[in-house]
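>>> this one's structure only:
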């Protein structure tokens, strides 16, 4: 490794560490939204309860989409680390389709609930629900935009250490989004669906 | 040659993690669909599967490893876990206590 390479390598490690700290603070944000939801879950104000509004197969589909996207994002990051642009682009593209599918299902779900009068202003329970799941959905959206920007980078430039560093951080971000979803289906959807 | 071996190892790590994650996802969904457990056991089973799956994601997707991950990253992760326990546990404790005391009124 030349001096420049070593310098670049150290810089990338520092970036990854800084981003790791950001992800940890993001995780704390989500843990507070989970706590809020848990406190609010019984505050239904005679409106819809958690056992009435969730769909089993929609939750299965959302979970499958996000879990598969964690794998494809990981495969993209491996390819880009190995300077394999075609494979990297292909996996990012698949990840984007999966993430987009997830968002479509989630927006459909929210729109359907609002249409039956179960909007975020209906009760404390629904406020907590939309805040938690909506914040996660916002993260998915940001991830999707970030992936699009990365595709643009890849299309315009050869793979260099900077692109590899960006990919590494995007992958970390995406895995956090996947981990938060485990909490959401375990603490929000499945307990509501269990009769 | 070593590059190819490294590549296979990286991909295998992801595939193992994905396989474990699928199993740990299918279990709670099947439990939910079949029913039959009391609420307490259901909650415990779901919580257990979720915690194990988070550990699987950390280990196989985020490559957290007690020996190779830099100490400061582990410290940040551990401190985050501690804060979560304090804040979630504290919130539920205080609000649960408050709800119990407000019952009579």
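Yep, that arrived. Predicted, not measured: the structure shown is a model, and the values here were computed from it.
>>> element containing residue 12?
Reading this off chain A. helix A:3-40 (DSSP states H and E).
>>> The intended chain is chain B.
Assigned by DSSP H and E, residue B:12 belongs to helix B:2-34.
>>> pLDDT (mean, whole number) over that helix?
If you average the pLDDT over helix B:2-34, you get 94.
>>> near chain A at all, that helix?
Yes. Helix B:2-34 reaches chain A (C-beta under 8 Å from any C-beta of the partner chain) through B:3, B:7, B:10-11, B:14-15, B:17-18, B:21-22, B:25, B:28-29, B:31-33. Just so you know, the C-beta spots here come from the backbone N, C-alpha and C atoms, and that holds for glycine as well.
>>> wait, doesn't residue A:113 sit right on residue A:54?
No. Using C-beta atoms under 8 Å as the test, residue A:113 is too far from residue A:54 to be in contact (9.5 Å).
>>> Low-confidence ranges, chain A, go.
Scanning chain A for pLDDT under 70 picks out A:1.
>>> Show me which residues of it are close to chain B?
A:17, A:20-21, A:24, A:27-28, A:31-32, A:34-36, A:38-39, A:56, A:59-60, A:63, A:67, A:70-71, A:74-75, A:78, A:81-82, A:172, A:175, A:178-179, A:182-183, A:185-187, A:190-191, A:193-195.
>>> Contact partners for the residue nearest to residue B:13 when sequence neighbours are not counted?
Nearest residue to residue B:13 in three dimensions, chain neighbours excluded: residue B:60, at 5.5 Å (C-beta to C-beta, 6 or more residues apart in numbering or on different chains). Contact analysis of residue B:60 by C-beta atoms under 8 Å, 6 or more residues apart in numbering or on different chains lists B:13-14, B:16-18, B:20-21.
>>> Determine the number of other residues adjacent to residue 81.
In the absence of a named chain, this looks at chain A. Counted by other C-beta atoms under 10 Å in any protein chain shown, the residues lying close to residue A:81 total 17.
>>> that's the other chain; I wanted chain B
So residue B:81, with other C-beta under 10 Å, has 14 neighbours.
>>> check which helix or strand covers it.
helix B:71-102.
>>> Residue A:91 too?
Using DSSP H and E, residue A:91 falls in helix A:85-115.
>>> Give me the helices and strands touching that helix, please.
helix A:56-81, helix A:124-156 (3 or more C-beta pairs under 8 Å, 6 or more residues apart in numbering or on different chains; DSSP states H and E).
>>> Quick one: closest of these to residue B:70.
helix A:56-81 (18.1 Å; C-beta to C-beta).
>>> Report the buried residues of the closest one.
By neighbour count with 16 or more other C-beta atoms under 10 Å in any protein chain shown, helix A:56-81 contains the buried residues A:59-60, A:62-81.
>>> pretty sure residue A:83 is in contact with residue A:159, am I right?
Yes. With contact defined as C-beta under 8 Å, residue A:83 and residue A:159 form a contacting pair (4.9 Å).
>>> quick one: which of these two has more around it?
residue A:159 (18 against 12).
>>> who's in contact with that one?
By C-beta under 8 Å, 6+ apart, the contact set of residue A:159 is A:80, A:83, A:85, A:88.
>>> in the helix holding residue B:12, what's buried?
B:10, B:13-14, B:17-18, B:20-21, B:24-25, B:27-29, B:31-32.
>>> what does stretch A:6-26 give?
A:8, A:12, A:19-20, A:23-24, A:26.
>>> Rebuild these as CSV, extending it with distance to residue A:136.
Shown next, in CSV, are the buried residues of stretch A:6-26 (distance: C-beta to C-beta, whole Å):
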residue, distance to residue A:136
A:8, 34
A:12, 28
A:19, 19
A:20, 19
A:23, 14
A:24, 17
A:26, 11
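>>> ok so, going back, now the two most distant members of the contacts of residue A:159.
A:83 and A:88 (8.7 Å).
>>> how close does the residue nearest to residue A:55 when sequence neighbours are not counted get to chain B?
Spatial nearest neighbour of residue A:55, chain neighbours left out: residue A:109 (7.2 Å); criterion: C-beta to C-beta, 6+ apart. Going from residue A:109 to chain B by C-beta to the nearest C-beta, to the nearest Å gives 17 Å.
>>> Who are the contact partners of residue A:120?
A:126-127, A:129-131.
>>> Please apply the same query to residue A:53.
Neighbours of residue A:53 in contact, by C-beta under 8 Å, 6+ apart: A:113, A:118, A:192.
>>> Tell me the one of these nearest residue B:72?
Closest to residue B:72, out of all of the contacts of residue A:53 and judged by C-beta to C-beta, is residue A:192, at 38.8 Å.
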